[in-house]
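>>> What follows is a protein structure lacking sequence information:
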């Protein structure tokens, strides 16, 4: 019994870690440029297809395909997204941009369905589908690999943000762009970096989660929802919060599916969301924000 | 007489920056209090804390002896506190008359009466009177967006008075106004002060305007009060002179 | 020049009304059905316009409310209830659900309502699909009867179309009246300048909640009409896709414009029928259109028309102070 719980827990942490990666990117975009990216889920869905195309059409081996697909994704979902969509629109305010990203999500989804197909394709996992036994409990190697990679990615990100000058400049930009500008920080470039980082994060998330979900054009819906909710329950303006939110969601989601009802699994994010909004609107780790005149 | 507004030990910090540092003052009924100070001295932040736009990091605000610290601006407004903004904030798509009716409608009746009652919430006559008072008659039905800057300033001020407030906080009312109009603006404000027996607090950069309009002055520098008193006394206070010249 | 603008507007409106009244005699039964669908969807879009265009909130749950209304009517009328009580029940219950959903979500300053409604739509869809005892699950509810009005059955396509059109007219009139009342003024204030509105005593939170709940209620009403329209209710139409479609309808038509939803619904409902050859690309094109609009003209097609028509009526504001100076003399 305990063994089952531990196994579920670790598996939940693994998927939760992936949600966390996506939620971090989402939070970063919001913090630095007030961009609410409703297409974040589709951003995670797409890179896997680029990899599949690189492997299937260009006959590249997996790792080369990942690099190629990843590079194309970062260009598209990072650089071009910012230059072609966010920059022209940010002057109209937050609302038009949000709506435009909703349109973008639809476009991405339908494009994949139209130009690649509506089926669900298998995606090569990073580790074999075997189990390893630790202290008498059997864990899926894949879960552990996902956890290790996610932790490494987050650690690398934190190191970058806290340990390098550019990273600290980015943090300053996220906290207060006006003051950052006064301090001589190239705010525009910092914002571009966050978009690129978000693109890298979604590529990583894509590689990690598509083996489990299979490559399907509808992946974005679910992933997006989980990412948004993870970001909110963690505290909309905190990276640590996004991590906490993602992990929490992943674990509870897993347990709900097994012990309560797999049919109403999707109710978990909603319940969490309502509870957090009612009792702790700033999120688990968030600070209370104000609107200034 | 007891103070209309009582600010005690008000503090506001943003991260490491202290914008308002232990500010205390009273506003007496019927007076026109001016708050002046060099740029960045915390005047607007102080206003926003008093008005509930920002929540103070410390200290308290009392209206007629009643604690109102951090109350939502709409609730404070219904207690009789009104304000104008530094950046013009009229409603561009509504006509001048509609702007004025809107400014007063939330003080009449309740939600249901506002839905099923008269279209102008019973404020038509009052709005017309304000239009007369501020000489905006020929513009009554024009969209606010089409007014000149000076006209919008007048409308802005008029809106603050629609609900018959006890206390009005004016944020840079003279900003950007043509010098010839300044005199008439000052006179209108003085007239409203006497006629409606409203108390004013004014933030202003224009020294001449402030000295002529206000009955008492408080000087802020780097978030702290450095001088307080009658206009002439304050103008000659060495601390004040230093604060301004130092910038 | 503004007189011309007014004349163009009234003329277009009159022409549209005439068209709507004679249309059934110009189309085959399927075409009439599409027109009736347009009318019903416009009601839902009008509701969403209140939420988005006036209160400035994104709601992704309008499909859920349409679904709730549909299932209420389908369930009850197939068990012998007359239509009218279900109509009222559908609208009121969706209003209540909207209130309950919006109350916590709108206490926060960010666009949390968007996410709450997103999650809500997802869950409601699951309820529709899983609770077979109530909704018939994936098998749905069949043979939903069409109502009678004052003893006359509106079951045939053409009478039913007029039935839907009448409801649309009713909802439009009610919304028009609402927007002309002090509430409408508060909504406009909310949209244009929430900070100033707050400082004038407008309880922005309360008004936003009302706008959202009303929008939800109208979604419910749209649903109660949808059930007898298609006469078969299953979960599929009420997935997130419809919510997105309704949102795009309002945006493309012009959010915040009274007639925006009407135009948006035309684009959303009628266009795919007329472009069957490019069926698969329709949704992509729609999405691209929305993105382009958001960059160049966020106020949608109506906003675009507005801009065109007022280009000739803009007068340059007089220089600072001069007219007031003259008035002051």
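Sure, I can see it. This is a predicted model, so every value here is computed, not measured. Numbers count the residues shown, from 1 in each chain, chains lettered A, B, ... in the order given.
>>> OK, contacts around residue 44?
Picking chain A for this. A:22, A:202, A:205-206, A:209, A:219-220, A:223-224, A:227 (CB atoms under 8 Å, 6 or more residues apart in numbering or on different chains). Every C-beta, even on glycine, is put in place using the N, C-alpha and C of the backbone.
>>> that answer is for a different chain, and I need it for chain C
Contacts of residue C:44 by CB under 8 Å, 6+ apart are C:62, C:65-66, C:218-219, C:222-223, C:246.
>>> Quick check: of those, which has the highest neighbour count?
The most crowded member of those, judged by other CB atoms under 10 Å in any protein chain shown, is residue C:65 (37 neighbours).
>>> quick one: is the helix or strand hosting it near chain A?
Using DSSP states H and E, residue C:65 maps to helix C:62-77. No - judged by CB under 8 Å from any CB of the partner chain, helix C:62-77 makes no contact with chain A; its nearest approach is 11.5 Å.
>>> One more: stretch B:192-211?
No - using CB under 8 Å from any CB, stretch B:192-211 never reaches chain A; the gap is at least 12.5 Å.
>>> Straight-line length of that stretch, end to end?
18 Å (CA to CA, to the nearest Å).
>>> which residues sit against it?
B:4-5, B:27-36, B:43-44, B:47, B:86, B:161, B:164-175, B:182, B:186, B:189, B:213-214, B:217, B:231-232, B:235.
>>> In that stretch, which residues are buried?
Residues of stretch B:192-211 classed as buried by neighbour count (16 or more other CB atoms under 10 Å in any protein chain shown): B:192-193, B:198-204, B:206, B:209-211.
>>> In strands, which of those residues appear?
The members of these that map onto strands under DSSP state E are B:199-203.
>>> just the helices in the stretch 101-250 of chain C please.
Counting by DSSP state H, counting those that start in this stretch, the segments of the stretch 101-250 of chain C that form helices are C:112-130, C:132-135, C:157-180, C:182-192, C:194-199, C:204-230, C:240-253.
>>> I'd like the ones you listed written out as a markdown table, with distance to chain B and mean pLDDT added.
Conversion of the helices of the stretch 101-250 of chain C to a markdown table gives the following (distance: least, CB to the nearest CB, whole Å; pLDDT from 0 to 100):
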| stretch | distance to chain B | mean pLDDT |
| --- | --- | --- |
| helix C:112-130 | 18 | 90 |
| helix C:132-135 | 35 | 87 |
| helix C:157-180 | 6 | 93 |
| helix C:182-192 | 4 | 89 |
| helix C:194-199 | 4 | 86 |
| helix C:204-230 | 7 | 94 |
| helix C:240-253 | 18 | 90 |
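>>> Including distance to chain A, could those go into JSON lines?
Output for the helices of the stretch 101-250 of chain C, formatted as JSON lines (distance: least, CB to the nearest CB, whole Å):
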{"stretch": "helix C:112-130", "distance to chain A": "4"}
{"stretch": "helix C:132-135", "distance to chain A": "11"}
{"stretch": "helix C:157-180", "distance to chain A": "20"}
{"stretch": "helix C:182-192", "distance to chain A": "10"}
{"stretch": "helix C:194-199", "distance to chain A": "6"}
{"stretch": "helix C:204-230", "distance to chain A": "11"}
{"stretch": "helix C:240-253", "distance to chain A": "5"}
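>>> Kindly reformat the ones you listed as a markdown table containing distance to residue B:81.
Listed next are those as a markdown table, based on distance: least, CB to CB, whole Å:
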| stretch | distance to residue B:81 |
| --- | --- |
| helix C:112-130 | 29 |
| helix C:132-135 | 52 |
| helix C:157-180 | 29 |
| helix C:182-192 | 18 |
| helix C:194-199 | 9 |
| helix C:204-230 | 17 |
| helix C:240-253 | 37 |
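>>> Mind checking these for the one nearest to residue B:149?
Of all the helices of the stretch 101-250 of chain C, helix C:194-199 sits nearest to residue B:149, with 16.4 Å by CB to CB.
>>> Check what contacts that closest one and list those residues.
Residues contacting helix C:194-199 (CB under 8 Å, 6+ apart): A:291, A:293, B:51, B:53, B:72-74, B:77, B:82-83, B:85, B:89-91, B:102, C:56, C:186, C:189-190, C:204.
>>> May I see the buried residues of that helix?
For helix C:194-199, burial by neighbour count (16+ other CB under 10 Å) applies to C:194-199.
>>> number of nearby residues for residue A:165?
7.
>>> How much space separates it from chain B?
19 Å (CB to the nearest CB, to the nearest Å).
>>> coming back round to it: distance to residue B:148 added to the contacts of residue C:44, as JSON lines?
As requested, those are exported to JSON lines (distance: CB to CB, whole Å):
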{"residue": "C:62", "distance to residue B:148": "42"}
{"residue": "C:65", "distance to residue B:148": "45"}
{"residue": "C:66", "distance to residue B:148": "47"}
{"residue": "C:218", "distance to residue B:148": "40"}
{"residue": "C:219", "distance to residue B:148": "43"}
{"residue": "C:222", "distance to residue B:148": "45"}
{"residue": "C:223", "distance to residue B:148": "49"}
{"residue": "C:246", "distance to residue B:148": "41"}
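>>> Just flag the most distant two among the buried residues of helix C:194-199.
C:194 and C:199 (9.9 Å).
>>> nearest spatial neighbour of residue 228, skipping sequence neighbours?
Using chain A here. residue C:115 (4.9 Å; CB to CB, 6 or more residues apart in numbering or on different chains).
>>> oops, chain C please
In space, residue C:228 is closest to residue C:146, 4.5 Å off (CB to CB, 6+ apart).
>>> quick one, phi/psi of that neighbour?
The phi/psi pair for residue C:146 (degrees, to the nearest 10) reads phi -90, psi 150.
>>> cool, residue B:33 as well?
Torsion angles, degrees, to the nearest 10, at residue B:33: phi -90, psi 130.
>>> Isn't it up against residue B:47?
No - between residue B:33 and residue B:47 there is no contact under CB atoms under 8 Å: 11.9 Å.
>>> now the strands: where do they sit in chain B?
Using DSSP E, the strands of chain B run over residues B:5-14, B:17-27, B:32-36, B:58-63, B:66-67, B:81-83, B:167-171, B:199-203, B:216-221, B:224-229.
>>> a markdown table please, covering these and showing mean pLDDT.
Output for the strands of chain B, formatted as a markdown table (pLDDT from 0 to 100):
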| stretch | mean pLDDT |
| --- | --- |
| strand B:5-14 | 88 |
| strand B:17-27 | 87 |
| strand B:32-36 | 90 |
| strand B:58-63 | 89 |
| strand B:66-67 | 88 |
| strand B:81-83 | 89 |
| strand B:167-171 | 90 |
| strand B:199-203 | 91 |
| strand B:216-221 | 89 |
| strand B:224-229 | 87 |
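>>> quick one, which of those is packed in tightest?
strand B:81-83 (a mean of 26; mean count of other CB atoms under 10 Å in any protein chain shown).
>>> can you tell me if that one touches chain A.
No - legend: contact between strand B:81-83 and chain A by CB under 8 Å from any CB is lacking; minimum distance shown is 10.0 Å.
>>> if we look at that strand, which residues are touching it?
B:47, B:51, B:63, B:160-161, B:163, B:165-171, C:199-200.
>>> Which stretches in the stretch 51-200 of chain A count as strands?
For the stretch 51-200 of chain A, strands defined by DSSP state E, counting those that start in this stretch occupy the ranges A:131-134, A:137-140.
>>> Would you mind saying which of those lies nearest residue A:116?
strand A:137-140 (28.5 Å).
>>> That closest one packs against which elements?
helix A:2-33, strand A:131-134 (3 or more CB pairs under 8 Å, 6 or more residues apart in numbering or on different chains; DSSP states H and E).
>>> Flag whichever of these has the least confidence on average.
Within the helices and strands packed on strand A:137-140, the stretch with the lowest mean pLDDT is strand A:131-134, showing a mean of 80.
>>> Describe which strands that one pairs with in its sheet and in which direction.
If you go by DSSP bridges, strand A:131-134 pairs up with strand A:137-140 (antiparallel).
>>> Averaged pLDDT, the strand it pairs with. What do you get?
pLDDT averaged over strand A:137-140 gives 81.
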